[in-house]
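Undergrad: when you get a sec, could you give me coordinates for this:
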Amino acid sequence: MNTTESSRKERKREQRRQTLIDAATHLFATRGYAGTTIDDIVSEADVAKVTFYSYFKSKEEIALEIKRAGREEAREYIETLSAKQLPVDEMIEAFINDVAEWTEKNYRLLDVFCDQRFSPMMERESTNTECKPEPITICLDVIIKRGQDTGRFRQDIDRLRIAHLLDLAILCEQYHWVRLGRPKGQLKEKLGVYFDFALRGLNLS
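TA: Here you go, the predicted structure:
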């Protein structure tokens with residue numbers, strides 16, 4: 001097999017894999033994670049079921065791939081936001097707007113991003129599984145660092161831990177908003193109030 005043919009087959013294989021990921025993402029976003037089956041995914045992707053299992057072992061595994069892609073998208077997002085060199089208050093406001101907008105459009109994906117997130121710590125320790133930062137934690141860590149670098153926020157804190165705690169608070173607000181029936185505009189308002197309260201502890205003055 002020549003190099004050109006090998007490259008073509010590899011591209012075709014990657015395209016088929018991405019088609020499955022896109023199909024799963026669409027279904028998780030419209031039907032929810034629990035409401036989607038592997039049969040639904042292969043039907044949406046228009047491939048045979050055996051094709052699914054040549055790429056993924058289970059629905060959980062394709063969900064983990066969606067989470068991995070989410071971390072990469074978060075890194076790209078925060079890099080773009082950081083490049084605007086906004087004051088930290090404006091950076092936070094933009095972040096809140098974007099989180100609220102994403103949640104309103106994709107609230108059913110919350111379960112995908114939360115799956116296995118709160119597994120028992122002893123289980124993680126026994127399997128030696130690396131705990132990778134969640135997408136929102138990644139963004140918050142950068143925002144807090146901007147506040148520190150510009151002299152707005154305290155230096156004597158564990159930046160990543162604070163980012164993680166804020167991430168969990170955002171998650172609580174997201175699920176609370178869903179339980180309330182997803183009232184338009186309320187999530188953005190609640191996140192703004194929470195950030196105003198929480199970040200006072202980071203301010204130098």
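Undergrad: pop the domain breakdown of the protein in here.
TA: Using automatic domain parsing, the domains assigned to the chain come out as 1-56, 66-201.
Undergrad: let's have those in a markdown table, adding mean neighbour count.
TA: Bear in mind the C-beta positions are built from the backbone N, C-alpha and C, glycine included. A markdown table is the format used below for the domains of the chain (neighbours: other Cβ atoms under 10 Å):
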| stretch | mean neighbour count |
| --- | --- |
| domain 1-56 | 15 |
| domain 66-201 | 15 |
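Undergrad: which of the ones you listed has the lowest average pLDDT?
TA: The minimum mean pLDDT among these belongs to domain 66-201 (a mean of 85).
Undergrad: roughly how far is that one from the heart of the chain?
TA: 8 Å (Cα atoms, centre = their mean, to the nearest Å).
Undergrad: list phi and psi for the residue lying closest to Pro135 once chain neighbours are set aside.
TA: Of all residues not flanking Pro135 in the chain, Ala74 sits nearest, at 3.4 Å (Cβ to Cβ, 6 or more residues apart in numbering). The phi and psi torsions at Ala74 (degrees, to the nearest 10) take the values phi -60, psi -40.
Undergrad: got a list of what Ala74 touches?
TA: Neighbouring residues of Ala74 by Cβ atoms under 8 Å, 6 or more residues apart in numbering: 135-136, 138-139.
Undergrad: Gly147 belongs to a helix, doesn't it?
TA: Yes: counting by DSSP: H, G, I helix; E, B strand; the rest coil, Gly147 is found in a helix.
Undergrad: which one is it nearest to, not counting chain neighbours?
TA: Gly147 sits nearest to Phe153 (Cβ to Cβ, 6+ apart), 3.5 Å away.
Undergrad: what bridges to the one you found?
TA: Phe153 has these beta-bridge partners by DSSP bridges: Asn203.
Undergrad: after the longest helix along the chain comes which helix or strand?
TA: Counting by DSSP state H, the longest helix found in the chain is helix 3-31. Downstream of helix 3-31, the first helix or strand assigned by DSSP states H and E is helix 38-45.
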